[in-house]
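Asks: Pasting the sequence and the predicted model now:
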Amino acid sequence: MEKIFERLEKVRRNSPLIHHITNYVTVNDCADITKNFGASPVMADAKEEVQEMVSLADALVLNIGTLSTEIVESMKLAGFAANKKGIPVILDVCGAGATTFRNEKCKELLSSFSIEVVKGNISEIATIAGFNIKTKGVDASEVEVDKYNLAKKLAQDLEAVVVITGAEDVVSNGQDIYSIKNGTNIMGRVVGTGCMAASVIATFCAIDSDYAMAAASALVCYEIAGENAEKTSDGPGTFKTGLFDKISSLSEISVNKMKKIEKIG
Amino acid sequence: MEKIFERLEKVRRNSPLIHHITNYVTVNDCADITKNFGASPVMADAKEEVQEMVSLADALVLNIGTLSTEIVESMKLAGFAANKKGIPVILDVCGAGATTFRNEKCKELLSSFSIEVVKGNISEIATIAGFNIKTKGVDASEVEVDKYNLAKKLAQDLEAVVVITGAEDVVSNGQDIYSIKNGTNIMGRVVGTGCMAASVIATFCAIDSDYAMAAASALVCYEIAGENAEKTSDGPGTFKTGLFDKISSLSEISVNKMKKIEKIG
Amino acid sequence: MEKIFERLEKVRRNSPLIHHITNYVTVNDCADITKNFGASPVMADAKEEVQEMVSLADALVLNIGTLSTEIVESMKLAGFAANKKGIPVILDVCGAGATTFRNEKCKELLSSFSIEVVKGNISEIATIAGFNIKTKGVDASEVEVDKYNLAKKLAQDLEAVVVITGAEDVVSNGQDIYSIKNGTNIMGRVVGTGCMAASVIATFCAIDSDYAMAAASALVCYEIAGENAEKTSDGPGTFKTGLFDKISSLSEISVNKMKKIEKIG
């Protein structure tokens, strides 16, 4: 559980390049948050260039928020290239459960190449695990399920780190389970906080091959910045602006004092 | 004229899902504002999934701001599905009058399926009504026309509620005409305020089948939030941030005290 | 070197229409900044309408940030139409050097129609000039090169104004060389500041056929607004919001007092 701030410092020092193939709704937020952490975001989805862009990158984010058949083809080319280069692939299963198309394309991606981290809210991840859930668009639905076991079991099945975001985040690599209770309610009331979490996870995985602890560290730092942003905000607008402010000023003292992370199993 | 705040409360209580097929310029703003009102936005435009997404939704927003032939096909699939389900369709005729392509695609959409609310600025709506107007991109041009009659007559012709936005908004269902004078000049100097208005109208129509009063109530609430945001802003940047802040704090007292809505005819 | 504020005033008075075919990452920022300067942004990329949209416009921005083969076809149609109408075309070679696809499409655009201003950071512009550089996504790499000569020589070769952005911006029309040292470090830590610079340059070129001085004046005004924004910001989030605030309040006194522009050659 140590080395959370050390990871953040390594991100700032190395400034990894994070290639995104993502939705057009929150893409600017994802670029901003990546940059705020000291990394370098790039967004490119043309099939003609994704492989070459991956060859420059240190991690790859795939987000199905506004997917199309064409984009999925580019995601595959990028995924193969990432596997070949040995950089981590982070899949945000944004909106899984909402439509058959999303569910099938998630399956297709998961069976086409190696994905190192699969991230979603509880209803999205339960969908990926095979539960028959109708999610409400891209927002989480209530699901009666043991989140710890769900994450652990799915991680084993997918041979990937599984991240379930929510008031309590759960991260598992199939063996260890981490629980993170940082963050604030207002993050659920602002568009893009979920997608940004995937960018931050990718940023930390880019500099550390222990992807479970990298993902957990990413969430701790991101959500502490959220807690700091809430203190000076008057609502969702100033909260989002403040979130972008508070990341570059995250200090060792505040991270160590405020972190709420536990190893569950 | 009563029940404006009651409608807002119902939105917050029911949290309707608002499916958008919209432009890539202001899509993040549209998602944010929908969320701020307590509703749940979802953006999806792939022809493979729009029908299923509509089946989960409570209202559908179609915005032609960055249209393509392909997107219009998805809009049609979504529109048919919305009609079948009985949820309201809100068409933002963004940029109508600027190009023949936009004008023709608007006609095509309006003649393909039932649209419950057609919304635009004065030059866009005049274009839809058949006036030969060259608009300046997506901003309103001066048009010498009686807005009340234009809205009422077009509403009759289209069998839809017509909303003309501007310093004075006009809403008509072909019988009643409402005038709303809330809002502030700075809203015209910030990109996305028009597109966001369509999202808010859809949010209110999702919970109330009196679409004229729903649209009028939506504009009153949205624009009062704008007035509140202006008080704490130093320019267009802090205004937009403040607008996102002020929506969740709209109270019954402020809405009733500040509303400037009149039944004209 | 005079007439910088006069140019800004002419922009505000004439409110030119700036047509953008740009990436989906920073498109909202580009629209906002254009509007803040008093101009009118419009974004449209469908091949069916770009020519007609150009016929209404006063300048055209082409940005290859998230290019595709299809978009490049629309850029060509728009470019031909702009040449025919006689309005300036500004090409932002965003991410040139990162992939072969981007480099080739830049060449294709530059050889297809007349482009009045080519803008990029040092590694992007060096790529266009034929240096073999591997840029890191869309952020600038270190390049050992004489920026003044690079800009001047490339401007002669392309018969266009060349703009190299950075802590020191360099503008050349192949004869004169201007150096601008306004701005602040934080602009490099915020996504979209480069793309927005192209929008502002286009806005000033729309009202003045001396494109080198128009581009230089644009950068001076934009970056002074950045300096003003930094004073009231707590980080990248409030900086960006502040930047949107400070543009409309730029005064003759502050522009003349704060401008850091020099004619080098």
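Replies: Nice, I can see it. Numbering: from 1, shown residues only, chains lettered A, B, ... in the order given.
Asks: Now do the same contact list for residue A:185.
Replies: residue A:167 (C-beta atoms under 8 Å, 6 or more residues apart in numbering or on different chains). Glycine gets a C-beta too; all of them are placed from N, C-alpha and C.
Asks: Residue A:229 too?
Replies: By C-beta under 8 Å, 6+ apart, the neighbours of residue A:229 are A:239, A:240, A:242, A:243, A:245, A:246.
Asks: In CSV, list the residues you listed along with secondary structure and neighbour count.
Replies: Formatted as CSV, those follow (DSSP: H, G, I helix; E, B strand; the rest coil; neighbours: other C-beta atoms under 10 Å in any protein chain shown):
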residue, secondary structure, neighbour count
A:239, helix, 25
A:240, helix, 28
A:242, helix, 23
A:243, helix, 30
A:245, helix, 24
A:246, helix, 25
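Asks: near chain B, which of those residues show up?
Replies: Applying C-beta under 8 Å from any C-beta of the partner chain to the contacts of residue A:229, one finds that residue A:240 fall near chain B.
Asks: Out of the contacts of residue A:229, which comes closest to chain C?
Replies: residue A:245 (3.0 Å; C-beta to the nearest C-beta).
Asks: Distance of that closest one relative to residue A:251?
Replies: Distance of residue A:245 to residue A:251, given as C-beta to C-beta, to the nearest Å: 14 Å.
Asks: and what of residue A:98?
Replies: Applying C-beta to C-beta, the value for residue A:98 to residue A:251 is 39 Å.
Asks: Residue A:92 too?
Replies: 28 Å.
Asks: Looking at the two, which has the bigger crowd around it?
Replies: For residue A:92 and residue A:251, the more surrounded residue by other C-beta atoms under 10 Å in any protein chain shown is residue A:92, and the numbers stand at 31 against 10.
Asks: Help me confirm that that one comes into contact with residue A:192.
Replies: No. Counting by C-beta atoms under 8 Å, residue A:92 sits too far from residue A:192 to count as a contact (11.5 Å).
Asks: quick one, strands of chain A?
Replies: Here chain A has its strands, by DSSP state E, at A:17-21, A:40-43, A:59-63, A:89-92, A:117-121, A:161-165, A:169-172, A:177-180, A:261-263.
Asks: Of all those strands, which one is nearest residue C:223?
Replies: Smallest distance to residue C:223 across the strands of chain A (C-beta to C-beta): 21.9 Å, for strand A:40-43.
Asks: So the closest one, near chain C or not?
Replies: Yes. Contact of strand A:40-43 with chain C is found when judged by C-beta under 8 Å from any C-beta, involving A:40, A:41, A:42, A:43.
Asks: hang on, the earlier thing: now the strands of chain A as JSON lines including distance to residue A:71?
Replies: Shown next, in JSON lines, are those (distance: least, C-beta to C-beta, whole Å):
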{"stretch": "strand A:17-21", "distance to residue A:71": "7"}
{"stretch": "strand A:40-43", "distance to residue A:71": "12"}
{"stretch": "strand A:59-63", "distance to residue A:71": "9"}
{"stretch": "strand A:89-92", "distance to residue A:71": "13"}
{"stretch": "strand A:117-121", "distance to residue A:71": "18"}
{"stretch": "strand A:161-165", "distance to residue A:71": "22"}
{"stretch": "strand A:169-172", "distance to residue A:71": "27"}
{"stretch": "strand A:177-180", "distance to residue A:71": "30"}
{"stretch": "strand A:261-263", "distance to residue A:71": "34"}
